[in-house]
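>>> Just need the structure, nothing else, for what follows:
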Amino acid sequence: MVGGNISSEKIDLLIYGPSKPIVDNGFSDQFVLHPFETIPDLERLTPAVAEKIRGMAVTYNSVRGDSKTLARFPKMEIVSSFGVGYDHIDAAYARDHNIMVTNTPDVLTEEVADIAFGLLIATLREFIKADRYLRSGLWLTQNFPLSVGSLRDRKVGMVGMGRIGQAIARRLDASRVPVVYHTRKPADGVSHKHYPDLIEMAKAVDTLIVIVPGGPSTAKMINADVMKALGPRGVIINVARGSVVDEQALISALKSGTILAAGLDVFEKEPNVPDELRTMQNVVLLPHIGSASVVTRNAMDQLVVDNLKAWFAGKPPLTPVAETPAKSR
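Predicted coordinates for the structure are as follows:
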């Protein structure tokens, strides 16, 4: 419903995932919090408590809000999820059962764009290898070899052009690096050349930056054919989801020289990273730190809280996902 009187009865909320001070301490005594950090913890939730739960704060994407989980809560009204990606939540089930789903976009856009741009430069200019070279004492005997890669002779193809993609493109524009992009349809207000076909874009560039949502529609979209089209100077930067890149195809392409290098912040089975990647010298590997600064993570946690508080105050949530567009209780 829209508007209306808000009940003064206590509101039972499930806090699902790792404990976080901003979430744990963000609610007034109008709310009763039920914290469960893991899926096995949640299995111990009694039916009597489950029947009272009206809202859920998902504090990290390591826990799943699938249809089986959501079905346990007959009075569930809203799932407020941490992170811009929400492939760990069954948003279609939520929509069909009149459950609002929210995420935390915008507050992490610039942070993730910084990581993507930094990862690109670190990969091209071999920062990690150079750091190890200096620490080992080798600089005392000879200069570090010239890096093969450089931003100066690159053309970047963005795979995805949403908020974060556009923020990355702005950084590349400022560095005078040509940018094109691939999405299913042209993005509003974006002047860069659009490629409806990913393979054709890969042939036209030598660098791919991947920033699309996870889920079945994008699973392994960066496959062996894309890597072959990118070519032997090719560099792949993935700050999206590990599922978007065919990890075994990437390993083969890096080993064979089909592409030159890769910079990865995400992996298929995090935190497990294949030994082949960990031992390669032509990759830069980060432990999924795209938004991982204190200031940005605090802002994301606060948005999880604010979405729930707005909903139960009878207002539209601040950041609903596309499947469950904004409405009031």
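>>> Could you pull up the mean pLDDT of stretch 134-151?
What stretch 134-151 shows for mean pLDDT is 97.
>>> now what about that stretch, what contacts it?
Defining contact as CB atoms under 8 Å, 6 or more residues apart in numbering, one finds that stretch 134-151 is touched by 120-121, 123-126, 130, 133, 175, 177, 235, 260-261. The C-beta positions use only the backbone N, C-alpha and C, and glycine is treated the same way.
>>> mind running it again at 6 Å?
124, 125, 126, 130, 133, 175, 177 (CB atoms under 6 Å, 6 or more residues apart in numbering).
>>> repeat for stretch 179-186
So stretch 179-186 is contacted by 156-159, 161, 169, 172, 192-195, 198, 201 (CB under 6 Å, 6+ apart).
>>> now do 8 Å
155-161, 165, 169, 172-173, 187, 190, 192-198, 201, 204-205.
>>> Mind checking which of those are in helices?
165, 169, 172, 173, 198, 201, 204 (DSSP state H).
>>> Closest one of those to residue 220?
residue 198 (11.9 Å; CB to CB).
>>> Run through the residues that contact that closest one.
Here residue 198 is in contact with 159, 182, 221, 226 (criterion: CB under 8 Å, 6+ apart).
>>> now do residue 171
By CB under 8 Å, 6+ apart, the neighbours of residue 171 are 113, 114, 117.
>>> Output these in CSV; the columns should cover pLDDT and secondary structure.
As requested, the contacts of residue 171 are arranged in CSV below (pLDDT from 0 to 100; DSSP: H, G, I helix; E, B strand; the rest coil):
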residue, pLDDT, secondary structure
113, 98, helix
114, 98, helix
117, 98, helix
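>>> Which among the residues you listed count as buried?
113, 114, 117 (16 or more other CB atoms under 10 Å).
>>> Which residue is the nearest non-sequential neighbour of the second one?
Looking back up the chat, that one is residue 114. residue 171 (7.9 Å; CB to CB, 6 or more residues apart in numbering).
>>> likewise the last one?
When the adjacent residues along the chain are set aside, residue 117 lies closest to residue 171, with 4.5 Å between them (CB to CB, 6+ apart).
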